[in-house]
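Participant: Structure, please.
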Amino acid sequence: MGEWGDEPGVIVLPDRRMVRAVRVRRDRKGVPDPELAVHLSGVRPPQTPWPRLWVRWPDFSLPLSTDGALESLRAAHAAALDQRVEVGCRGGIGRTGTAVAALAVLAGLPDDEAVAWARRHHHPRAVETPWQRRWVERVLPRALDLGAPS
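Facilitator: Numbers count the residues shown, from 1 in each chain. The predicted structure follows:
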């Protein structure tokens with residue numbers, strides 16, 4: 001089991017767990033492989049030599065299933081306790097930033113602070129669309145209230 005070092009894209013969540021927020025297609029030279037990846041994509045992502053979860057999530061949109069997205073993000077949050085976890089989409093900003101905001105909420109951050117937090121810690125344009133912002137601020141808290149504890 002590993003942890004991230006100072007690799008690019010590594011974010012320390014409010015509960016001190018670390019995840020790496022990335023563009024799915026990029027040069028991996030000099031970066032250790034993740035032990036779990038969460039790919040946010042409207043189309044099936046390429047196979048990887050490491051375990052991965054696929055959240056069906058079209059570009060500039062929302063996950064096709066909030067329950068499915070939360071199941072994968074909860075698994076990523078749990079794994080980040082002692083594994084190298086990556087989360088990413090093709091561009092690495094909107095969907096990835098929205099997932100980073102959700103992971104911050106799972107890590108204990110109040111949902112009304114999550115978008116600003118993701119923009120400070122991941123990318124200034126994280127959570128790109130108004131509907132992604134609403135998903136973090138309105139849908140996500142209701143879904144978490146109804147779901148199992150993380």
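Participant: Pull the contacting residues for residue 66.
Facilitator: When contacts are counted by C-beta atoms under 8 Å, 6 or more residues apart in numbering, residue 66 touches 135, 139-140, 143. For the C-beta atoms, the positions are set from N, CA and C on the backbone; glycine is no exception.
Participant: separation between it and residue 143?
Facilitator: When C-beta to C-beta, to the nearest Å is the yardstick, residue 66 and residue 143 sit 5 Å from each other.
Participant: In the helix or strand bottoming out on mean pLDDT in the chain, which residues are buried?
Facilitator: Of the helices and strands making up the chain, the lowest-confidence element is helix 140-146, at a mean of 78, by mean pLDDT, DSSP states H and E. By 16 or more other C-beta atoms under 10 Å, the buried positions in helix 140-146 come out as 140, 144.
Participant: And the contacts of that helix?
Facilitator: The set of residues external to helix 140-146 that reach it, using C-beta under 8 Å, 6+ apart, is 66-67, 70, 102, 105-106, 111, 114, 150.
Participant: Next: stretch 88-99.
Facilitator: Outside stretch 88-99, the residues that touch it by C-beta under 8 Å, 6+ apart are 9, 21-26, 37-41, 55, 57, 59-60, 69, 73, 87, 118-119, 122-123, 125-129, 132, 135-136.
Participant: I would like a PyMOL command selecting only the buried ones among the residues you listed, please.
Facilitator: What follows is the PyMOL syntax for the buried subset of these, where burial is set by 16+ other C-beta under 10 Å:
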select buried, resi 9+21+22+24+37+38+39+40+41+55+57+69+73+87+118+119+122+123+126+127+128+132+135+136
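Participant: So which of the contacts of stretch 88-99 belong to strands?
Facilitator: 21-23, 37-41, 55, 87 (DSSP state E).
Participant: out of the residues you listed, what pair is the most spread apart?
Facilitator: Set against one another by C-beta to C-beta, the ones in strands among the contacts of stretch 88-99 have their most distant pair in 23 and 55, with a gap of 15.5 Å.
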